[in-house]
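Engineer: Next one to model:
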Amino acid sequence: LKAKLKPKAEKAPGSAGGGGDGEDRYAGLSRAEMEAEANRLAAKALKAKLKRKADRYASLMAKAEALRARAAAAASAPPSSSRQEVKVLAQFDLQGRKIEQGVAGAPKGSAGGWGDGPPTKRRKGPENKIGDDGQRKGFFNSDLDGTDLRTLVEQERMGTGNDFNASWAKHVLRQGAAFEEGNTDEQFDMADVSMQAYESSANKRKKGKDRNEFLRKMAVAKNNRMERLLQNCWHCLDSKKHLPHLVVCVGVKCYLAIPSIQWVREGHCLIVPREHLISTTSADEDVQEEIMYFRKFLAKMFAARNEGCAFLETVISTRKQRHTVVECVPLPQEQFLDAPIFFKKAILESDEQWSVNKKLIDTHKKGYWRSIPPNFPFFAVEFGTGGGFAHVIEDEASFRPEWGKEILCGMLGEPAQILLRAKRAPLHVEQQRVSSFKKAWHKYDWTRRLKGGDLHDKLSRKNRETGKSNAAEKKTE
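Structural biologist: Numbering: from 1, shown residues only. As a prediction, this is how the structure comes out:
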């Protein structure tokens, strides 16, 4: 028995659980991993002590103490320059809006993220979509994999859902001359079958590490591009290029500011969403509601001075992800009444002669937010709190961003070529414009009622007193 146990006894003292002297095996471990390994060795040492193996107990305890010392030294040492920096990338949707929590309820392996395992298996065959009672349980694979409607909406908003047009275009390119052999009816009849075969093969190629690496590179590139865009944006409040001295007041979702360039006349201001949006047609309802709130009080302010106002929004290229603004330009009453005629004629004569979309869209009934689909380049003008006109831009290259202000300058008799191409005014002139606008806006500034405003405490105190008086009256009755 001693002869059989002799080789094992000779190997045990020299190994920390089987593995040489134990020095090199801990070279690449982090501090937490070394502390965990030290605790494991201490537990083995305790077992050896209970078995009255003094030599093994001393050897394991020495290694555990040495490993704890290395972990403490690694914690106090300065960070190495060769160590990789781990950065959590932010997610952005198709409109460039930052999404903090990612895809809500995204299934494991979906296109909403990477590194979460291989994609889920696709259920094949009609038997999975037909129940035991013969009734159809679903029409698409997403009906069977537990994906709810909210998840599909989030994926579509982020642009992570399946793009049928892109997949179909790739399929046609792969088929080449074979696709042209059949007539149009046969091509449409075979579209569903061929697309399923193509998507299944594409999913097989993108499984595992290749797919995760592809999604990671796409996310890194998109994150870097959006970070550069947000840092260089003139209208984002956190941007390094933002000019805070031009801000008049800040609301919950939007803020009011004075333009730094292309200033038409006194009272010209901008309604800017605080979130980086490329157009107000793709904004949430609370953003649109706050813009209408600003518009209502601006119209009241200019009406008190016997003036009207025109609200302009121009979105030329959605791919460049520029921060959209709604410009408010006051007009004398006579020009304000003639403004719809001027803009209607100018829109009908603008852009391409033969256009795909309707050239002139009347927004008096629905407003241009409900008249123009999202992600469309457009120009819109509305007068006061009423409606106006909108136009879908066909030729983005030839349409000028200042086109609407050129029409206003022509109505006011101002030289548009000089006024709209002038450089920024000196700092004291900009501050004077903001100061004069704040004096006129102070009476109509509804943001003073928000928390932190000078009217918030007064209104809260008044509401409390009104509540107490009503309670006392009820008690007396």
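
Engineer: So which elements touch the longest strand along the chain?
Structural biologist: Counting residues, the longest strand in the chain under DSSP state E turns out to be strand 307-315. Applying 3 or more Cβ pairs under 8 Å, 6 or more residues apart in numbering; DSSP states H and E, we find strand 307-315 packed against helix 285-304, strand 326-332, helix 333-348, strand 378-383, helix 403-412. For the C-beta atoms, the positions are set from N, CA and C on the backbone; glycine is no exception.

Engineer: Deepest-packed of the ones you listed, please.
Structural biologist: Highest mean neighbour count among the helices and strands packed on strand 307-315 (mean count of other Cβ atoms under 10 Å): strand 378-383, with a mean of 24.

Engineer: so who does residue 30 touch?
Structural biologist: Neighbouring residues of residue 30 by Cβ atoms under 8 Å, 6 or more residues apart in numbering: residue 74.

Engineer: Next one: it from residue 67, what distance?
Structural biologist: Look at residue 30 and residue 67: by Cβ to Cβ, to the nearest Å, they are 12 Å apart.

Engineer: Equivalent analysis for residue 323, please.
Structural biologist: If you measure residue 323 against residue 67 using Cβ to Cβ, the figure is 54 Å.

Engineer: Are we agreed that residue 42 is in a strand?
Structural biologist: No: the secondary structure assignment for residue 42 gives helix rather than a strand, going by DSSP: H, G, I helix; E, B strand; the rest coil.

Engineer: Residue 57 is in contact with that one, correct?
Structural biologist: No: using Cβ atoms under 8 Å, residue 42 and residue 57 do not qualify as a contacting pair, with a distance of 10.3 Å.

Engineer: can you tell me which residues contact residue 267?
Structural biologist: With contact set as Cβ under 8 Å, 6+ apart, residue 267 has these partners: 302, 307, 309, 328-330, 437, 440.

Engineer: again, only this time at 7 Å
Structural biologist: By Cβ atoms under 7 Å, 6 or more residues apart in numbering, the contact set of residue 267 is 302, 330, 437.

Engineer: Check residue 441 too.
Structural biologist: 248, 301.

Engineer: Now do the SS call for it.
Structural biologist: Reducing the assignment at residue 441 to three states with three-state DSSP gives helix.

Engineer: And the strands in the stretch 151-300 of the chain?
Structural biologist: Listed in chain order, the strands of the stretch 151-300 of the chain (DSSP state E, counting those that start in this stretch) span 247-250, 254-257, 269-273.

Engineer: re earlier: can you redo the helices and strands packed on strand 307-315 as TSV with mean pLDDT?
Structural biologist: Conversion of the helices and strands packed on strand 307-315 to TSV gives the following (pLDDT from 0 to 100):
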stretch	mean pLDDT
helix 285-304	94
strand 326-332	95
helix 333-348	93
strand 378-383	95
helix 403-412	92
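
Engineer: got the angle for the longest strand of the chain vs strand 269-273?
Structural biologist: Relative orientation of strand 307-315 versus strand 269-273 (axes from the mean of the first three to the mean of the last three Cα atoms, to 10 degrees): 40 degrees.

Engineer: what residues does strand 307-315 touch?
Structural biologist: Outside of strand 307-315, the residues within contact range by Cβ under 7 Å, 6+ apart are 278-280, 295, 298-299, 302, 324, 326-333, 336, 339, 377-384, 401, 404, 408.

Engineer: Apply 6 Å and report the result again.
Structural biologist: Applying Cβ atoms under 6 Å, 6 or more residues apart in numbering, the external contacts of strand 307-315 come out as 279, 299, 302, 324, 326-331, 336, 339, 377-384, 401, 404.

Engineer: before we move on, what about stretch 365-374?
Structural biologist: Outside stretch 365-374, the residues that touch it by Cβ under 6 Å, 6+ apart are 281-282, 288, 361, 363, 378, 380, 390.

Engineer: Quick check: buried residues in that stretch?
Structural biologist: Using 16 or more other Cβ atoms under 10 Å as the test for burial, stretch 365-374 gives 367-369, 371-372.

Engineer: What pairs with the longest strand of the chain, parallel or antiparallel?
Structural biologist: Sheet partners assigned to strand 307-315 using DSSP bridges are listed as strand 326-332 (antiparallel), strand 378-383 (antiparallel).

Engineer: Put the alpha carbons of the shortest one into PDB.
Structural biologist: Read that as strand 378-383. Listed next in PDB are the C-alpha coordinates belonging to strand 378-383 (Å, rounded to 0.1, in the frame of the first residue of the first chain):
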ATOM      1  CA  PHE A 378     -39.600  68.600 -46.100                       C
ATOM      2  CA  PHE A 379     -40.200  72.300 -45.700                       C
ATOM      3  CA  ALA A 380     -43.200  73.500 -43.600                       C
ATOM      4  CA  VAL A 381     -44.500  76.900 -42.700                       C
ATOM      5  CA  GLU A 382     -47.400  77.700 -40.400                       C
ATOM      6  CA  PHE A 383     -48.900  81.000 -39.500                       C
END
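
Engineer: next helix or strand past that strand?
Structural biologist: Next along the chain after strand 378-383, taking DSSP states H and E as the criterion, comes strand 388-392.

Engineer: relative to helix 403-412, how tilted is that following strand?
Structural biologist: 140 degrees.

Engineer: residues in contact with strand 388-392?
Structural biologist: By Cβ under 6 Å, 6+ apart, the surrounding residues in contact with strand 388-392 are 343-344, 347, 357, 360-361, 363, 368, 371-372, 376, 378-382.

Engineer: Distance to residue 315 for the helices and strands packed on strand 307-315 - can I get that in TSV?
Structural biologist: Supplementary listing: those in TSV, determined by distance: least, Cβ to Cβ, whole Å:
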stretch	distance to residue 315
helix 285-304	14
strand 326-332	11
helix 333-348	15
strand 378-383	6
helix 403-412	12
